[in-house]
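J.: prediction below, plus the sequence it came from.
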Amino acid sequence: MNLGKSDLEHTPNAQRTLLVWDAIDSPPEGDWFTVLWSSFEDGDSTNSLSIPKLVEEHADELRARYLAWLYELGETHIQGRRIVDHLELRPGFSYWWMTLLAEKCNFAKSPHIDDAIKFLAFKSWAAEQSTDCVALVTSKEPLAECIRSWCTNAGISFEWQRLPPKSEPVSWLKRVYQFLPHALQAFVWLILYMIKRWPLKGVGLREWRQSEGRITFVSYMFNLIPDAVKNGQFKSRYWAHLPDELLREGCKENWLHLYVNDPLLHPNARKAANIIRMFNANGQGAQVHVTLDAFLSWRVAFKALREWLQVRRIIMQFQNIPITDGNAVINLWPLFKDDWSRSFDGREALSIILDVHLYESALKELPKQRIGVYLLENQGWEFALINAWRSAGHKHLIGVAHSTVRFWDLRYFFDPRSYVPTGNNDLPLPDMVATNGTVMMEAYVGGGYPVSKLVEVEALRYLHLVETGFVKDTSPDIRKPLISILVVGDFLSRNTQLQMHLLERAAGALPENMRIIVKPHPGCPISSEDYPNLRMEISAAAIADLLRSADIVYSSNTTSASVDAYCAGVPVICALDPATLNLSPLRGRLGAFFASTPEELASMLIFAAGAPSFAGRHQDFFALNQKLPRWKALLLENNVPVDG
């Protein structure tokens, strides 16, 4: 069907027709009311509505509704038992908490969550309208199924113009893999994983078993400082100088690393294994390093495979579960059926169950620990860690929310009922969550997290903000010979591409005296060849150094690096993607700018070049003290309250 103005003009009572427009180009004009699904520009607000704007106007209510819906999904009774109980993996520990649905990673793993929340906003608004027909223009079949179902229940006619699906170029080998059933993908993934990670097997295991350290850190083998690694020294930007401070206090440490491919430092597992050996040699027993993959074996893989098959058999009885929103049936299932399938059939499911067995192996091999500390993002592996840590008899466990907690990063939020212990397959929580300042503390408290489980410590990743001379104390001037724009890349290629293409289209309207310096994310390189119409320099320098000479920072909508600039007193402009929720850590902050069109971006860059800088804003965000008194009190003085 080719839906255009002529089609709608022949619809009875065209003025009572809603045109739901989810396309890049502008919608046709007519007598209908236009609902813009992925645009902030609602033009004539009497005849159009921006769903992204509506979501922001009712953000608190919509986030709470979605979290409540998800909680009630897990509580759904089937054959007299809750889903969360059917999925009990270990006594008191449910697989439910490790599924993609419970993880709620709406910016990377489950982007359709954004459409679910937009749909909740649309449904509430549309229920108050007098509507005879909904005409939808989109490439998203799941969204079309959701709106079609709602229209059927409401007695409203429905038309759908199917746009060509959006696709990214992929290799033929990857296309073949994606064509395979999820279960077969999982088998292929396991074999390739074992082959690629096998060089890490057993590396550091002897030191781990014999460790005298009683504090264990679980962290990504990523974001390491290159110069230190070359000398065999462990230095991580996640942890700043905390490890060195603990060693100076005579505190020995254990480090359990999650191997992540780093193109510069360890592009493969063999090189990562050599780095672990160097770390242990230089640590001389005071610092012990091992990766989770050191505990790999075919026996562990077989146990994980067998348990994965058991979970798949259990879930077969849940194929037609009811999806409800309060008392009114709302069909969100089309948006989540793929997540559901991948959570139990796909490689994601096998991967997380393999993690369960690896953590159990690693923590059983480790002498009893006084304190454990891990990077907290509420990913599935973290709940596997929590259960394995307690099952092995170790003591206090602290989750460190190391960066920022953004309003729409749903991984950090659960329905408040999830925090109420029942003693039966409860949400696994660490003994404490270490927050890095006022803003994060307020975010957790506002989300209903138990206050007794929160403690404030220094923001390790942002200690550079208190270095002498870091905060800019001069105002940029458009008359300067050169205005420096620092472009901070994102770790997701899709976000980076949107950000860079927007800048490329805006470049023609910028003054000649604007110099563009691009700082790519380590996990997402940027090439000048990909953006031929953009005069730019690419830098690998530390962001703290680049900010000293930056007049403006231009970032994606998700990166926390924008906070570095904001706290340093540099004007920040974020590329706003109307297809997604506003995941910026600067959302709602005075002095942060958001652009969704090339025209907006060009005008904001010109304005920001002449705007006064901000100062002293790091105190609003973070607890900062180079001597780390709060961290020392928490880890060395054992100030970790534990339930029971």
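T.: It's in.

J.: contacts, neighbours, all on C-alpha from now
T.: Will do.

J.: so where is this structure shaky, pLDDT-wise?
T.: Counting by pLDDT under 70, the chain contains low-confidence ranges at 1-15, 42-45, 319-330, 467-481, 612-617, 638-644.

J.: that one - how does it break down into domains?
T.: According to automatic domain parsing, the chain comprises the domains 5-82+99-162, 483-615.

J.: hey, which of the ones you listed is tucked in deepest?
T.: Comparing the domains of the chain by mean neighbour count (mean count of other C-alpha atoms under 10 Å), domain 483-615 comes out on top with a mean of 20.

J.: now the strands for the stretch 451-600 of the chain?
T.: Secondary structure of the stretch 451-600 of the chain (DSSP state E, counting those that start in this stretch): strands at 454-456, 483-488, 514-519, 537-538, 552-555, 572-575, 592-595.

J.: got JSON lines for those, with distance to Glu61 too?
T.: Output for these, formatted as JSON lines (distance: least, C-alpha to C-alpha, whole Å):
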{"stretch": "strand 454-456", "distance to Glu61": "24"}
{"stretch": "strand 483-488", "distance to Glu61": "32"}
{"stretch": "strand 514-519", "distance to Glu61": "37"}
{"stretch": "strand 537-538", "distance to Glu61": "42"}
{"stretch": "strand 552-555", "distance to Glu61": "28"}
{"stretch": "strand 572-575", "distance to Glu61": "25"}
{"stretch": "strand 592-595", "distance to Glu61": "23"}
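
J.: which residues touch the helix or strand encompassing Arg65?
T.: Arg65 is part of helix 59-74, with elements assigned from DSSP states H and E. Residues from elsewhere that reach helix 59-74 (C-alpha atoms under 8 Å, 6 or more residues apart in numbering): 55, 82-84, 96, 101-102, 117, 120-121, 323-326, 408, 413-415, 417-418.

J.: distance of Leu100 relative to Glu365?
T.: Taking C-alpha to C-alpha, to the nearest Å as the measure, Leu100 falls 29 Å from Glu365.

J.: I meant to write Glu456 there.
T.: For Glu456, the distance to Glu365 - C-alpha to C-alpha - is 31 Å.

J.: what's the answer for Gly508, then?
T.: From Gly508 to Glu365 the distance is 60 Å (C-alpha to C-alpha).

J.: which one is Ala506 nearest to, not counting chain neighbours?
T.: Excluding the flanking residues, the one nearest Ala506 by C-alpha to C-alpha, 6 or more residues apart in numbering is Pro598, at 4.5 Å.

J.: quick one, what contacts that neighbour?
T.: Going by C-alpha under 8 Å, 6+ apart, Pro598 touches Leu502, Leu503, Arg505, Ala506.

J.: what about those residues, which are in helices?
T.: Counting by DSSP state H, the contacts of Pro598 place Leu502, Leu503, Arg505, Ala506 in helices.

J.: which among the residues you listed gets closest to Lys519?
T.: Proximity of these to Lys519 (C-alpha to C-alpha) peaks at Leu503, which lies at 14.1 Å.

J.: which residues touch the closest one?
T.: By C-alpha under 8 Å, 6+ apart, the contact list for Leu503 reads Pro598, Leu601.

J.: and the gap between it and Cys574?
T.: In terms of C-alpha to C-alpha, Leu503 sits 11 Å off from Cys574.

J.: likewise for Asp339?
T.: 29 Å.

J.: could you do Ile543 as well?
T.: Noted for Ile543: a distance of 16 Å to Cys574, by C-alpha to C-alpha.

J.: got it, and Pro243?
T.: When distance is defined by C-alpha to C-alpha, Pro243 is 34 Å away from Cys574.

J.: next one: Phe318
T.: From Phe318 over to Cys574 the distance is 42 Å, taken as C-alpha to C-alpha.

J.: how far does stretch 458-468 sit from the chain's center?
T.: 23 Å (C-alpha atoms, centre = their mean, to the nearest Å).

J.: before we move on, the earlier item: okay, the helix holding Arg65 in PDB with CA atoms only?
T.: Taking C-alpha atoms only, helix 59-74 is exported to PDB below (Å, rounded to 0.1, in the frame of the first residue of the first chain):
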ATOM      1  CA  ALA A  59       8.700  10.700  31.800                       C
ATOM      2  CA  ASP A  60       8.300   9.800  35.500                       C
ATOM      3  CA  GLU A  61       4.900   8.300  35.000                       C
ATOM      4  CA  LEU A  62       5.900   6.300  31.900                       C
ATOM      5  CA  ARG A  63       9.100   4.900  33.400                       C
ATOM      6  CA  ALA A  64       7.200   3.800  36.400                       C
ATOM      7  CA  ARG A  65       4.500   2.200  34.300                       C
ATOM      8  CA  TYR A  66       7.000   0.300  32.200                       C
ATOM      9  CA  LEU A  67       8.900  -1.000  35.300                       C
ATOM     10  CA  ALA A  68       5.600  -2.000  36.900                       C
ATOM     11  CA  TRP A  69       4.600  -3.900  33.700                       C
ATOM     12  CA  LEU A  70       7.900  -5.800  33.700                       C
ATOM     13  CA  TYR A  71       7.600  -6.600  37.400                       C
ATOM     14  CA  GLU A  72       4.100  -7.900  37.000                       C
ATOM     15  CA  LEU A  73       5.300 -10.000  34.000                       C
ATOM     16  CA  GLY A  74       7.800 -11.800  36.200                       C
END
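
J.: thought Phe222 was touching Leu264?
T.: No - with contact defined as C-alpha atoms under 8 Å, Phe222 does not count as touching Leu264 (10.3 Å).

J.: next up, the contacts around Tyr238.
T.: Counting by C-alpha under 8 Å, 6+ apart, Tyr238 touches Asn223, His402, Leu460, Arg461.

J.: counting neighbours, what do you get for the third one?
T.: Read it as Leu460. Leu460: 23 surrounding residues under other C-alpha atoms under 10 Å.

J.: that one reaches Pro243, doesn't it?
T.: No - applying C-alpha under 8 Å as the test, Leu460 and Pro243 come out as separate, 10.9 Å apart.

J.: tell me where the stretch 51-200 of the chain has helices.
T.: 51-57, 59-74, 83-86, 100-103, 113-126, 141-154, 172-179, 182-197 (DSSP state H, counting those that start in this stretch).

J.: output those helices in TSV; the columns should cover distance to Asp345.
T.: Below are the helices of the stretch 51-200 of the chain laid out as TSV (distance: least, C-alpha to C-alpha, whole Å):
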stretch	distance to Asp345
helix 51-57	33
helix 59-74	18
helix 83-86	16
helix 100-103	12
helix 113-126	20
helix 141-154	20
helix 172-179	14
helix 182-197	5
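
J.: contact partners for Leu18?
T.: Contact analysis of Leu18 by C-alpha under 8 Å, 6+ apart lists Trp32, Phe33, Thr34, Val35, Thr131, Cys133, Val134, Ala135.
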